[in-house]
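Visitor: return atomic coordinates for the entry below.
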Amino acid sequence: MSPRSLWMRTVLGQIALVQSVKETFDCRKLLRLKIPSCVVSARSCSSMSGAVEDYKPPEWATKLTYIPKKRIHLAVANTPIHTWKVPGLPADFSVSIKRDDLTGSTLSGNKVRKLEFLMADALEQGCRHVITCGGLQSNHCRAVALAARQLGLTPHLFLRTDATDVKSAGCEGNMLLDRLCGSHIYLVPRRNPFLTHLKPRMEQLAQQINTASGEDSYLIPVGGSNKTGLFGYITVFEELMQQGALDNFDDLVFACGSGGTATGLALGNYLTNGKLRLHAIAVSDNATYFYDHCDETLAEVGMAHLNSRDLMRVIDGHKGKGYGISTEDELEFIQQVAMETAILLDPVYSGKTALGMVREIHNNPGAFQGRRVLFLHTGGIFGLFDGRMTPFLEQKQEQEPLIKMWPEVNDCPL
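Guide: Modelled structure (predicted):
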């Protein structure tokens, strides 16, 4: 039998295998059989686009007065934890990293964790459109846009920017992905607050869509940070417990940009007797804003008696020049981390947070419960492609040329 005939026979056999088991196994189990991707049809992988299923919270969260009824699996869960030799770390501290930047490809990062509950709610309500908001390079808005298209919904994004016209909004980083998947984008002034300026626009758009088409829209706040999105990091905390994080680490450090991740982790830690000390590094707004937001969300799930100031430490002072604005030191740190550890940090969230963690360990070591620190990487890799790294790397090339021309075989440039 020729190699081609043997290959065809194997493929046909695997197709028959897929047909016989696709009603029994989900797509991830099928993938463990190492069936070629060309054989697994879109229909057999429908679970990857997310079948809405009943949500059963961990036992320790069952007393909350609000629990989402449904969940849809979008994230690659059980992201790994491994040691991380962060540049500049004191010798008596050890840091490991929880890789929530590996929750998917285009859906990577912490936002997809929240969307598992928010998108399930949207589908359960019969909505055909999803409306949300964020900055021009918002990771959240990119994740919403892609998840919406994956689930057959239409995304509408309100993006805050200093752009004065549509053309100047650009087509880089997260914005490239927003536009590739055909999002409806509405550019609004950068300093527009959510409650007074963005939410009214979102509500007005939803009404206009309903009037024109009869279709309903699902509104998601900044960062997906509400009582429903909260459960994205309730599930992550359960994952941390299963991975032994509560026994292997003393402190947990993470970025705080809209407050949802912080609230979910803080609540999970409290409900499981609070073994970890939580450090939320603010990359936007300030500690007072995040404490207040967290308290409001806690009240909405029946935990009004809690004070978020007792549950976590929100740390100001590491925003640099401001939200989404990079300093030379921050970009230098991002490159150093990439060169020494192969971990890619983004300039808006994880880069500022990791640098802030190193500085806090140096300047305020007593604020840490112990010396075993876990850093939660919340993703954001597409922020590296928004253009800001280009002039920095070009300047580095002038100082230390790592790119060299080698036109002829025998003309070694070294």
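
Visitor: do you have the strands of the protein handy? List them.
Guide: 53-54, 70-71, 81-83, 94-99, 129-135, 154-161, 184-189, 217-219, 251-256, 277-282, 313-315, 372-377 (DSSP state E).

Visitor: deepest in the core, which of the ones you listed is it.
Guide: Highest mean neighbour count among the strands of the chain (mean count of other Cβ atoms under 10 Å): strand 251-256, with a mean of 26. Placement of C-beta: from N, CA and C, glycine included.

Visitor: from the chain's centre, how far out does that one sit?
Guide: Put simply, strand 251-256 sits 14 Å off its chain's centre (Cα atoms, centre = their mean, to the nearest Å).

Visitor: and that strand, which strands flank it?
Guide: Strand 251-256 sits in its sheet next to strand 277-282 (parallel), strand 372-377 (parallel), going by DSSP bridges.

Visitor: what does that strand rub up against?
Guide: Strand 251-256 has contacts (Cβ atoms under 8 Å, 6 or more residues apart in numbering) with 245, 261-262, 265, 269, 276-283, 290, 314, 349-350, 352-353, 357, 368-370, 372-376, 378.

Visitor: repeat that for stretch 59-71.
Guide: 52-55, 57, 116-117, 120-121, 123-124, 227-228, 231, 234, 267-268, 271-272, 300-303.

Visitor: of those residues, select the buried ones using a PyMOL command.
Guide: Buried residues within those, by 16 or more other Cβ atoms under 10 Å, are selected in PyMOL with:
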select buried, resi 52+55+57+116+117+120+121+123+227+228+231+234+267+268+271+272+300+301+303
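
Visitor: about what we covered before: let me have the strands paired with strand 251-256 in JSON lines, adding mean pLDDT as columns.
Guide: Converted to JSON lines, the strands paired with strand 251-256 look like this (pLDDT from 0 to 100):
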{"stretch": "strand 277-282", "mean pLDDT": "98"}
{"stretch": "strand 372-377", "mean pLDDT": "98"}
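
Visitor: possible to save those as a markdown table with distance to Pro90?
Guide: Shown next, in a markdown table, are those (distance: least, Cβ to Cβ, whole Å):
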| stretch | distance to Pro90 |
| --- | --- |
| strand 277-282 | 16 |
| strand 372-377 | 11 |
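
Visitor: looking at the ones you listed, spot the one closest to Glu296.
Guide: Closest approach to Glu296 among the strands paired with strand 251-256 (Cβ to Cβ): strand 277-282, 15.8 Å.

Visitor: chain center to the closest one: distance?
Guide: The answer for strand 277-282 is 17 Å, by Cα atoms, centre = their mean.
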